[in-house]
Structure formats: C-alpha cells, structure tokens
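Student: here's my sequence, what's the structure:
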Amino acid sequence: MKKILVTGSLGQIGVELINYLRDLYGENSVFATDVSDKELAKIKSDGPFEILDVRDGKAFDHIVSSFRPDTIFHLAGILSANAEKLPQKAWDINMNGLFNALEIARNYETSLFFPSSIAAFGPGSPSDNTPQDCMQRPSTIYGISKVAGELLCDYYHSKYELDTRGVRFPGLISHEALPGGGTTDYAVHIYYDALTKKKYTSFIASATYMDMMYMPDALNAMVKLMEADPSRLVHRNCFNITAMSFSPDDVAKEIQKYIPDFVLDYDVDPVRQSIAESWPNSIDPSCAVEEWGFSPAYDLEAMTIDMLEKVALKTKVQEEA
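Tutor: Coordinates of the predicted model:
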C-alpha cells in the first residue's frame, strides 16, 4: 500500500487506524474522511481530511479521483445496537455506502477492505468454534447488512477481478476511542468505570460469551491482510479473526487482580442481550492463520494490564486539564 483512503475515519476503529497508517506510510499518504469533523482532534497528525457522506457517490468519486489511492479502507457504517433503532438508515448507509465504495474501487482499480463482523452469524450457526464457512442467517439488520456486504464484495472480486478483502471482527476493545452503539461496548466501558468508580453495571448478562480482540491486534490484522500475497488467499470476504472469548464475569475477575474492591453488577438490556445471544460464543480463525499468518498478541490477561495502565494515564491527564 502506498496511498490509502479511509472512510468512517473518526469512529472507534478509524481514529486509531488513521494514526497507525500514518505512522507506517506517512501522514500525507493517508486520506481521512468522515460524515462530520467534530472528532477531528482525535487524529494526531495533520494529513488530509474531508467530510464525506459515503452515500454521496459524486463526492466520494471526486475525492478518489483527486487523491488516487491504491487502497480504500471502507469503515463507514452504523453498528449493531444503533442499527436496530434505525434499521432503514442503517441499511442505507451500510449497503449503499458499500456499493458506492465498490463501484469507485472498480472504476479506479483500487483495492478495498470491508469490515464484516461476528454479527454475520446467527442463531442457526454453530455457537462454539464457529467455522469460516457455515450457515449465516443473522437476526439483526446489522448482521444482514454484513452478510450482504460479504457477498457483494465476493461478487465484485469474481465478476470484475476487484481486489476485495475483509475480516469478521469480534468485539473490539480500545483505550483510545470509546465505542459507539455496539453490543460488545461493555468490554470497553468496564475498564473506565473500574478505575473511576470501582464498579460497573453490565448491560450484558453474566454468562454471555462473545469473541473479543484488543485494538492493536485488529489494526495489525487489517494491514497484514491487505499486504498479504493474493495467491495465498482462498477466502477473501471475510476471514474469521479473534483473540479471546470471555463473559463479563471473566473480565471482572481479571480486573479484580489489580483492583480488588471492584464490583460488577447487572442491568441487562433485552435488546443488546438478544443480539449477543444470536452471535457465536467463539469462532474459528484457522483460515486467517493459514492463508495470511494472522496471529494476535494479546489475551485477556495481557489486554487487561495494558488497558488499566493506559486508561489510568488517560483519566489522570483529563483530571489535570
């Protein structure tokens, strides 16, 4: 990759991806876009940025024709819990935005990364060690849009030989950016509340297991996949990836090793709980391991140590400001 365009740059993944890519390739080689610039200060460098609604095909095309990226990371979209509140808008943004990205990538011969999700699986998928290829009948509009997106990216690859690649993200945990409307958000908020309040109320039930990944591993995986030898890729859209599977109780026990008086209680949100129960308990990432060398560095213990350290530093800086 030499020149990269990122949509949805000011979201949970985008903020960190922009900074990560600009460290790797140079700040002027990475063009950031988002529907609003209100979180722009979270991007640490002064590389190019423009406001873009990905549903606006003409504006999207203008940016790509001017910048001429060789890779597009298409991150713009509405996440699971928020999508259930606004299903029509979620479909419009998630699908029409992707269609525009694919058409533009085809016209300018640009590689495209599409982020799918464990939400692409459904109640009929195997719950444990969910394989790369199995039945996908999700029960949420977010999951349905992800399955449709996977198929659409496969279609553009087979029909037009477009270099489309992607992963099925598990829940992503970050100390840099708070999540925005996902079912796995508790796994981020719990660390902040553990340090500031020494208690947390989970909206997900105690014995609910979901796959998770620490953001540094997610960023590394995205770049590694896009730089992988295409001749090795049997699958493209999208690879199962995961680093750990845990429940809220598991996180609390790990936190209590360092904050012994931390207390976890529950006020279960029926909407997000039903979404979580429709997803796998754990997924099988072996195809990603075999085809492009996926290898996460963080497990729950290592992530908890780093999260508590980084969040403590962040909250101290905010208190002193």
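Student: what does the domain assignment say about the protein?
Tutor: Domain assignment for the chain, taken from automatic domain parsing, gives 4-169+214-240, 173-211+243-281+298-320.
Student: which ones are touching Asn96?
Tutor: When the contact criterion is CB atoms under 8 Å, 6 or more residues apart in numbering, the partners of Asn96 are 54-55. C-beta here means a position set from N, CA and C on the backbone, and glycine is covered the same way.
Student: recalculate using a threshold of 10 Å.
Tutor: Applying CB atoms under 10 Å, 6 or more residues apart in numbering to Asn96 gives the contacts 54-57.
Student: spell out, range by range, the helices that occur in the stretch 201-321 of the chain.
Tutor: Ranges of helices within the stretch 201-321 of the chain are 215-226, 248-256, 270-278, 286-292, 300-320, based on DSSP state H, counting those that start in this stretch.
Student: to Leu5, which of those lies closest?
Tutor: Within those, the stretch nearest Leu5 is helix 215-226; the backing value is 12.5 Å (CB to CB).
Student: measure Gly14 to Met1 for me?
Tutor: Between Gly14 and Met1 the computed distance is 16 Å (CB to CB, to the nearest Å).
Student: ok, those two, which is more surrounded?
Tutor: Taking other CB atoms under 10 Å, Gly14 and Met1 do not tie; Gly14 has more neighbours (23 against 17).
Student: now that one: phi and psi?
Tutor: Dihedral angles of Gly14 (phi, psi; degrees, to the nearest 10) stand at phi -60, psi -40.
Student: pLDDT wise, what is it at?
Tutor: Looking at Gly14, its pLDDT reads 95.
Student: who are the contact partners of it?
Tutor: Neighbour list for Gly14: 6-8, 32-34, 39, 42-43, 73, 75-76, 177 [criterion: CB under 10 Å, 6+ apart].
Student: out of those residues, which are buried?
Tutor: Among the contacts of Gly14, the ones that count as buried by 16 or more other CB atoms under 10 Å are 6-8, 32-34, 43, 73, 75-76, 177.
Student: follow-up on the earlier one: wait, which of the contacts of Gly14 is closest to Phe239?
Tutor: Of all the contacts of Gly14, Phe239 sits closest to Phe73, with 15.1 Å by CB to CB.
Student: am I right that the closest one sits in a helix?
Tutor: No - going by DSSP: H, G, I helix; E, B strand; the rest coil, the assignment for Phe73 is strand, not a helix.
Student: would you confirm that it contacts Glu16?
Tutor: No - counting by CB atoms under 10 Å, Phe73 sits too far from Glu16 to count as a contact (11.8 Å).
Student: and the helices of the stretch 201-321 of the chain: which comes nearest Pro126?
Tutor: Checking the helices of the stretch 201-321 of the chain against Pro126 by CB to CB gives helix 270-278 as the closest, at 13.0 Å.
Student: what ranges do the strands span in the chain?
Tutor: Per DSSP state E, the chain carries strands over the ranges 4-7, 30-34, 49-51, 71-74, 111-117, 164-169, 171-173, 199-202, 210-214, 239-240, 244-246, 263-266.
Student: turn those strands into CSV, including mean pLDDT and distance to Pro126.
Tutor: Shown next, in CSV, are the strands of the chain (pLDDT from 0 to 100; distance: least, CB to CB, whole Å):
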stretch, mean pLDDT, distance to Pro126
strand 4-7, 98, 32
strand 30-34, 98, 36
strand 49-51, 97, 42
strand 71-74, 98, 28
strand 111-117, 97, 17
strand 164-169, 98, 14
strand 171-173, 92, 19
strand 199-202, 97, 26
strand 210-214, 95, 13
strand 239-240, 98, 12
strand 244-246, 96, 14
strand 263-266, 97, 27
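Student: which among those is found nearest to Glu290?
Tutor: The closest of the strands of the chain to Glu290 is strand 239-240. By CB to CB, the value is 10.1 Å.
Student: which secondary structure elements does the closest one contact?
Tutor: strand 164-169, helix 286-292 (3 or more CB pairs under 10 Å, 6 or more residues apart in numbering; DSSP states H and E).
Student: and those, which is most packed in?
Tutor: strand 164-169 (a mean of 26; mean count of other CB atoms under 10 Å).
Student: chain center to that strand, what's the gap?
Tutor: Computed by CA atoms, centre = their mean, to the nearest Å, the chain-centroid distance of strand 164-169 equals 10 Å.
Student: packing partners for that strand?
Tutor: Here strand 164-169 touches strand 71-74, helix 97-108, strand 111-117, helix 141-160, strand 210-214, helix 215-226, strand 239-240, helix 286-292, going by 3+ CB pairs under 10 Å, 6+ apart.
Student: which one of those lies closest to Val268?
Tutor: strand 210-214 (14.2 Å).
Student: state the pLDDT value of Gly180.
Tutor: pLDDT for Gly180: 70.
Student: among the domains of the chain, which is nearest Trp292?
Tutor: domain 4-169+214-240 (3.8 Å).
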